[in-house]
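> quick one: sequence and predicted model below, then my questions.
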Amino acid sequence: MGTMDHVNLAIVGCGGMGTRHLYGMKEYASIVGDVREHPVFRLVAVCDPNERNANLLADTAATELGERPRVFLDVEAMLAATPELDAVDITTEPRLHHNLAAELLAAGKHVLVEKPMALTVAGCNKMMAAAARARRVLAVAENYRRDPLVRLTHALLEGGAIGERWMLVDASVSSGGRIVITPWRHKKAYGGTLLDVGVHNVDLMLYGFGPVEQVYAQIALFDRIRKGMRRQGSGGSGGSGRGGRGGPSPSSIYTITNANAGMPDEVEPDVEDSAVATLRFANGALGQWTLSHAGHGQGFGKKVYYGSRGSLEPAPPRTGRGPQLSLDGRREPVPPEEMLALVPNFSVDEGTARLFGGTRLAAYEFDAMAIDRKIQAAVLIDFGRAIVTGAAPEVGGVEGRHAVAVVNALFESARLNRPVSVAAVEADDPTVSGWQHALDAEIGLA
Ligand SMILES: NC(=O)c1ccc[n+]([C@@H]2O[C@H](COP(=O)([O-])OP(=O)(O)OC[C@H]3O[C@@H](n4cnc5c(N)ncnc54)[C@H](O)[C@@H]3O)[C@@H](O)[C@H]2O)c1
């Protein structure tokens with residue numbers, strides 16, 4: 001076992017995101033290793049049944065971190081051979097998250113799991129119960145809210161910059177005909193792109209407007225065949241390819257990891273790729289949410305928050321662009337310095353400030369790869385702090401499960417052709433759980 005200032009970590013799942021987390025570890029080590037609340041993470045193992053991806057990640061670690069972790073092809077072998085392991089970072093396909101997390105927590109390991117936390121509420125519940133039993137940290141690696149400019153957006157909302165929060169519009173349409181990162185994302189048994197991407201949107205809604213109470217949705221499957229990965233920077237809600245000021249994209253790693261996994265360059269989707277939904281938030285606000293990966297032609301992506309005295313375009317995560325505030329009676333958006341003056345107490349935590357170069361930023365400029373490393377490092381800050389201090393992680397089971405429930409409510413509502421209560425979906429109420437229970441049957445939870 002590591003000490004409180006040093007955590008022995010394994011990455012389970014050595015594809016695209018496992019690789020991006022490794023670069024995040026490197027960034028984290030170079031910037032925040034000496035802050036008291038932030039333990040040093042030492043990568044002692046990587047695990048993936050795909051031996052090529054596992055070895056590729058171990059080789060990358062040897063180059064980037066200066067030490068080659070041990071390679072394992074399954075979690076049981078890894079647990080047996082590495083008693084020194086304190087924590088595990090799960091970056092596998094989401095249909096595996098619940099069982100892997102439950103097993104690792106039961107073995108006494110702290111767990112960081114990529115989003116979506118699981119495919120269903122039942123999966124999330126299994127993980128949360130395992131964490132509670134083992135008294136270990138369960139954190140979700142939801143990264144968008146860690147962007148310091150998303151933090152500023154949040155501070156402006158909380159500080160009343162637009163007055164009372166009334167309405168949210170979130171529309172993104174992209175990726176028509178293209179594979180969104182990996183073919184598995186277009187298969188029902190893996191939750192579909194609405195879940196894989198949509199949980200990011202919901203987490204930002206939760207962060208900005210609080211929990212969603214009711215969902216009324218229509219959904220459709222338009223694109224019956226997809227080929228090749230989507231063009232980078234094609235607009236929409238943002239998979240891994242957006243952001244930054246040019247240069248290579250974090251998605252480039254997938255060219256290798258997808259090939260190692262023998263992924264086809266063509267897929268026939270069997271799950272809806274588009275949703276149009278009306279939301280009601282617990283605070284009384286209304287939301288209009290469109291998310292589609294069947295957008296041929298011009299990509300589109302925009303979010304605007306409306307309140308009783310103005311509107312706010314939230315900072316698009318991982319772009320370096322700050323929020324834009326427009327107030328009644330003003331012709332121009334509020335300039336950045338004046339916007340910051342509206343939130344005098346706003347500052348990001350010390351680790352994030354070191355990563356991005358300031359405590360009160362209104363913009364930043366790094367290339368897309370650097371932004372991605374910093375955002376992944378910020379996720380580790382939260383995980384490390386939770387391990388060392390015992391404080392709850394910022395995005396834990398409650399937040400992760402809510403995001404899963406809201407996305408699954410799109411499916412439940414559309415199938416029932418009526419509004420559904422998110423609380424009922426989140427409580428696994430059988431009258432609004434047809435979609436979730438079908439997925440549960442797919443992943444051994446029925
Ligand atoms: N936060 C973000 O911005 C973001 C971006 C991309 C992916 N993700 C998330 O990261 C996760 C992984 O996605 P990805 O794009 O890296 O997928 P991927 O297909 O590139 O990688 C998944 C890897 O997990 C491996 N794997 C499968 N079964 C395993 C097992 N039992 N044990 C260990 N490894 C196993 C696969 O062989 C593969 O190498 C998903 O939950 C996805 O939603 C998040």
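Nice, thanks for sending it over.
> by proximity to the ligand, which residue of the chain wins?
The minimum distance from the chain to the ligand, using Cβ to the nearest ligand atom, falls at Gly15 (2.0 Å). The C-beta positions use only the backbone N, C-alpha and C, and glycine is treated the same way.
> contacting residues for that residue?
By Cβ atoms under 8 Å, 6 or more residues apart in numbering, the residues touching Gly15 are 48, 50, 53, 91-92, 182, 254, 257-258, 261.
> who wins for neighbours among these?
Asp48 (27 neighbours; other Cβ atoms under 10 Å).
> need the next SSE after the helix or strand in which Leu204 is found, C-terminal direction.
Per DSSP states H and E: Leu204 is located in helix 192-209. Sequence-wise, the next helix or strand downstream of helix 192-209 (DSSP H and E) is strand 212-220.
> what's that following strand packed up against?
helix 192-209, strand 274-281, helix 397-416, strand 420-421, helix 422-426 (3 or more Cβ pairs under 8 Å, 6 or more residues apart in numbering; DSSP states H and E).
> so what's the gap between it and the chain middle?
Distance of strand 212-220 from its chain centroid, counting by Cα atoms, centre = their mean, to the nearest Å, is 20 Å.
> thinking again about what came up before, the contacts of Gly15 in helices, which ones?
Among the contacts of Gly15, the members found in helices (DSSP state H) are 53, 254, 257-258.
> from those, which are also near the ligand?
By Cβ under 6 Å from any ligand atom, the members of the ones in helices among the contacts of Gly15 lying near the ligand are 53, 257.
> with distance to Val212 and pLDDT added, can I get the ones in helices among the contacts of Gly15 in TSV?
Conversion of the ones in helices among the contacts of Gly15 to TSV gives the following (distance: Cβ to Cβ, whole Å; pLDDT from 0 to 100):
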residue	distance to Val212	pLDDT
Asn53	36	97
Tyr254	31	90
Thr257	34	92
Asn258	33	90
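> which one of the ones in helices among the contacts of Gly15 is nearest Leu152?
Lowest distance from Leu152 to the ones in helices among the contacts of Gly15 (Cβ to Cβ) belongs to Tyr254, with 30.6 Å.
> got the contact list for the closest one?
Here Tyr254 is in contact with 15-16, 181-182, 229, 240 (Cβ under 8 Å, 6+ apart).
> could you list the domains of this structure?
Per automatic domain parsing, the structural domains of the chain span 6-144+387-397, 148-363.
> how long is the last one end to end?
Which is domain 148-363. End-to-end distance for domain 148-363: 9 Å, by Cα to Cα, to the nearest Å.
> does Val379 touch Ala141 like I think?
Yes - using Cβ atoms under 8 Å, Val379 makes contact with Ala141 at a distance of 4.8 Å.
> how about the residues of the stretch 1-150 of the chain near the ligand?
Contact residues (Cβ under 6 Å from any ligand atom) of the stretch 1-150 of the chain with the ligand: 12-18, 47-50, 53, 91-94, 96, 114-115, 143.
> repeat that with 5 Å
Neighbours of the ligand within the stretch 1-150 of the chain, by Cβ under 5 Å from any ligand atom: 12-17, 48, 50, 53, 91-92, 94, 114, 143.
> among the residues you listed, which ones are in strands?
Among those, DSSP state E puts Val12 in strands.
> all the strands of the stretch 1-150 of the chain, residue numbers only.
6-12, 40-47, 70-72, 87-90, 110-113, 138-140 (DSSP state E, counting those that start in this stretch).
> from those strands, which stretch is densest packed?
strand 138-140 (a mean of 29; mean count of other Cβ atoms under 10 Å).
> how about residues contacting that strand?
Outside strand 138-140, the residues that reach it (Cβ under 8 Å, 6+ apart) are 101, 105, 110-115, 117, 127-128, 130-131, 379, 382-383, 386, 393, 395-397, 399-400.
> just flag the most distant two among the residues of the stretch 1-150 of the chain next to the ligand.
Asn50 and Asn143 (23.6 Å).
> contacting residues for Ala107?
Leu79.
> so the residue of the chain positioned farthest from its centre, which of the three states?
For the chain, the largest distance from the centre (Cα atoms, centre = their mean) belongs to Gly329, which lies 36.9 Å off. Three-state assignment for Gly329 (DSSP: H, G, I helix; E, B strand; the rest coil): coil.
> residues contacting it?
Taking Cβ under 8 Å, 6+ apart as the definition, Gly329 has no contacts.
> nearest residue to Lys26 other than its sequence neighbours?
Nearest residue to Lys26, sequence neighbours excluded (Cβ to Cβ, 6 or more residues apart in numbering): Glu64, at 4.9 Å.
> okay but the one you found is in contact with Arg20, surely?
No - between Glu64 and Arg20 there is no contact under Cβ under 8 Å: 11.9 Å.
> neighbour count for those two, which is higher?
Legend: neighbour count by other Cβ under 10 Å for Glu64 and Arg20, higher for Arg20 (22 against 16).
> and the gap between that one and Ser249?
When distance is defined by Cβ to Cβ, to the nearest Å, Arg20 is 11 Å away from Ser249.
> try Asn260
Separation of Asn260 from Ser249 (Cβ to Cβ) stands at 19 Å.
> can you pull the buried residues of the helix or strand hosting Asp382?
For Asp382, the host element (DSSP H and E) is helix 368-389. Neighbour counts over helix 368-389 (16 or more other Cβ atoms under 10 Å) mark 368-388 as buried.
> ditto for stretch 144-158
144-157.
> so who does Gly384 touch?
Per Cβ under 8 Å, 6+ apart, neighbours of Gly384: 7, 28, 37-39, 41.
> any idea which of those is closest to Gly444?
Checking the contacts of Gly384 one by one against Gly444 (Cβ to Cβ), the nearest turns out to be Val7, at 30.4 Å.
> and the closest one, what are its bridge partners?
In this structure, Val7 bridges to Phe41 when assessed by DSSP bridges.
> correct me if wrong: it contacts Val44.
No - using Cβ under 8 Å as the test, Val7 is too far from Val44 to be in contact (9.8 Å).
> quick check: residues of the stretch 301-446 of the chain near the ligand?
Contacts of the stretch 301-446 of the chain with the ligand, taken as Cβ under 5 Å from any ligand atom, are absent.
> flag the shaky bits of the stretch 301-446 of the chain, pLDDT-wise.
Within the stretch 301-446 of the chain, no range satisfies pLDDT under 70.
> now swap in the stretch 151-300 of the chain and tell me
For the stretch 151-300 of the chain, applying pLDDT under 70 flags the ranges 230-247.
> now Phe222, nearest residue through space, not along the chain?
The shortest distance from Phe222 to any non-neighbouring residue, by Cβ to Cβ, 6+ apart, is to Ala294 (3.8 Å).
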